[in-house]
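1. no sequence for this one, just the structure:
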């Protein structure tokens, strides 16, 4: 991969000893009182001017949530979360929704500029080939501040907006699909999210349309003591295609912050969604102080025949990651894919993987997971592959590789395989390896420094997955991985 | 070129002494061979010169062009012009051979303050060297040494040596595991670089390799020391009589 050397150089040029996105933006915020009651739910719904059915849906979720208990099966440890000590809504103060970028608080625009996220269409248009354009939905704490290229996308019939706007402009679509992939009752964090979700992206690709550009959402947590509850819903109608990418960062703070998102994807006949994540929430300091708790439910439903959903994730941030992007392979001949790179360093804890649920005939799935553990971190792959009685000829291939750097970290692989049909073919491969002193010495004998050698070996290890990312993000991801592993070579 | 003075080495964290006051000189333009029985410390010597961290130098000096390199990191030694062809080259999964070659060549150039190679220049150099060594192009796209045969790995070492243009090359039992055709190719790769500017230290257990790489000097190593030095005839004598005479010499 020619990007390797370039990446190494870029990494060198950055001040790598610090989390790069840890700055705080000073914006006047509007927040209700801390804590969670029915009133909080009503407040959020009212602020967003939601239809009555949405409020009922939220309240139903809230009542359900109060009867539930936090899951404890993941291999992660953290002190009990006080759900009454969190702000559930924080929005920059403005007079009504901004009609253009000029009405958005310059401090927020500046924050995105620092993050390298282009929000001004004319700046993006200059010198960028149309096919390489990326439309961005920028979510700042609890609200979407801007969505770019909406007009141009609308020409193709594509709806790309915040979920709040979608509830105003296309309530029938939201109502038809929300909660149909991740039910309100699904799990503790998903139910919490259903009650208090604030913003996120909504994408609708009409029949037969290939989305003319990459779509992306950039999540930023800024305010302290605030949870971010994002909700994303993507619908790909018959024969359509979309590639979507999300990125996440947060300031460096001593406290832990909760991010509990729900993402639902739906593909109808012959449609395809490619969903990529580059997650770089603040991971906490070297001693495990601070950092984001990333408790996320992501699921795709291949509802139509021969449809396809592909998840690609590069996870380098968060103090704790609890996340299993999954595929329900309902339509006959549908296909699910999961490509993951999970990097943990310092005191980070990762429990991540996927579920491939084969329901339809001739469904196929593929799982490639690469875990890299350094420092004193713990990195677990947890995955379920199941075939139901009617899923004849279901096929899965799973490959889980773990790479250890140093001798104080841990890698764990917990695969669950269930098949109720004798015609299913499930393959599982797993390896655990360590960057050996001998490999490092060999590379150094050829002139590479210890850090360049480690980056090269790690890049080789994750190559299969990086190839799945859109090109420009692959370079970004490579850079991130190198930064995350900074200082891990003794 | 290379001068080793009274070198004492033990395995780090253990008391086991491997090199015991070793002295050796290799002049510019010279091809020196070290022969010796198994366990005499030949491989350790090559590792210590290259800077492998598993060993502790308890005394002595290793000079490259008059500069003591013992305090330098392995990559600094490489940039200074030292190359070690490994007896067992490492596999680097997922890293295409081409990528590795370019990273290594440019890392050395950067460390020496030279400009990086342009891609066309790099490809031209690799193709030329690969053709010379009979290395097919598809091998260069495969991950470095992964799934390569013993002979292919050794050829890859010679390719790297050719491209990195070291002034001092150490070949650690490069002949082990090679059939006669591969051995000839490897020897040609070395012979092609033989000139008054470059020096070689060829470590081998058998005389066979020296039929193809004619040494100027032959050193016999036993129990961590050089116990005898002579011309090419010494290798033939060892081949006829074995190492018995030297086993108890140290």
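-> Nice, I can see it. Model, not experiment: these values are computed from the prediction.
2. now the helices for chain B?
-> Secondary structure of chain B (DSSP state H): helices at B:42-50, B:74-79, B:97-111, B:119-132, B:137-141, B:150-164, B:180-192, B:233-241, B:244-247.
3. buried ones in the shortest one, by neighbour count?
-> Going back to what we said before, that points to helix B:244-247. Neighbour counts using 16 or more other CB atoms under 10 Å in any protein chain shown place residue B:246 of helix B:244-247 among the buried residues. (Each C-beta comes from the backbone N, C-alpha and C, glycine too.)
4. which residues sit against it?
-> Contacts with helix B:244-247, where a contact means CB atoms under 8 Å, 6 or more residues apart in numbering or on different chains, come from B:36-37, B:220, B:222, B:227-228.
5. what residue in chain B comes nearest to chain A?
-> residue B:94 (2.9 Å; CB to the nearest CB).
6. against residue B:34, how distant is residue A:295?
-> Residue A:295 sits 62 Å away from residue B:34, taking CB to CB, to the nearest Å as the criterion.
7. residue numbers of chain B in contact with chain A?
-> Proximity of chain B to chain A (CB under 8 Å from any CB of the partner chain) is limited to residues B:50-54, B:73-75, B:77-79, B:83-84, B:86, B:89-90, B:92-96, B:99-100, B:102-108, B:111, B:119, B:143, B:160, B:164.
8. among those, name the buried ones.
-> By 16+ other CB under 10 Å, these give B:50-52, B:74-75, B:77-79, B:83-84, B:86, B:89-90, B:92-96, B:99-100, B:102-108, B:111, B:143, B:160, B:164 as buried.
9. next step: the contacts of helix B:244-247 restricted to strands.
-> Within the contacts of helix B:244-247, residues falling in strands by DSSP state E are B:220, B:222, B:227-228.
10. before we move on, the earlier item: which of the helices of chain B sits closest to residue A:268?
-> helix B:137-141 (39.7 Å; CB to CB).
11. how distant is that closest one from the center of its chain?
-> Relative to its chain's centre, helix B:137-141 lies at 24 Å (CA atoms, centre = their mean, to the nearest Å).
12. what sits up against that helix?
-> Helix B:137-141 has contacts (CB under 8 Å, 6+ apart) with B:96-98, B:101, B:126-127, B:130, B:148, B:152, B:156.
13. which of these are buried, as a PyMOL select command?
-> Burial among the contacts of helix B:137-141 is assessed by 16+ other CB under 10 Å; the matching PyMOL selection reads:
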select buried, chain B and resi 96+97+98+101+126+130+148+152+156
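14. quick check: residues of chain A near chain B?
-> A:1-2, A:4-5, A:8, A:436-439, A:441-450, A:452, A:456-457, A:459-464.
15. in what helix or strand does the residue in the stretch 351-490 of chain A that chain B sits nearest to lie?
-> Taking CB to the nearest CB, chain B has its nearest neighbour within the stretch 351-490 of chain A at residue A:460, 2.9 Å off. Element membership for residue A:460 (DSSP states H and E) is helix A:450-466.
16. okay, angle between that helix and helix B:97-111 too, please.
-> 150 degrees (axes from the mean of the first three to the mean of the last three CA atoms, to 10 degrees).
17. after helix A:450-466, which helix or strand is next?
-> helix A:471-484.
18. where in the chain is pLDDT low?
-> Just going to use chain A. A:1-18, A:94-101, A:117-118, A:120-133, A:142, A:145, A:250-251, A:472, A:487-490 (pLDDT under 70).
19. I was after chain B.
-> Along chain B, segments meeting pLDDT under 70 span B:247-250.
20. what comes up buried for the helix holding residue A:460?
-> Buried residues in helix A:450-466 (16+ other CB under 10 Å): A:450-463, A:465-466.
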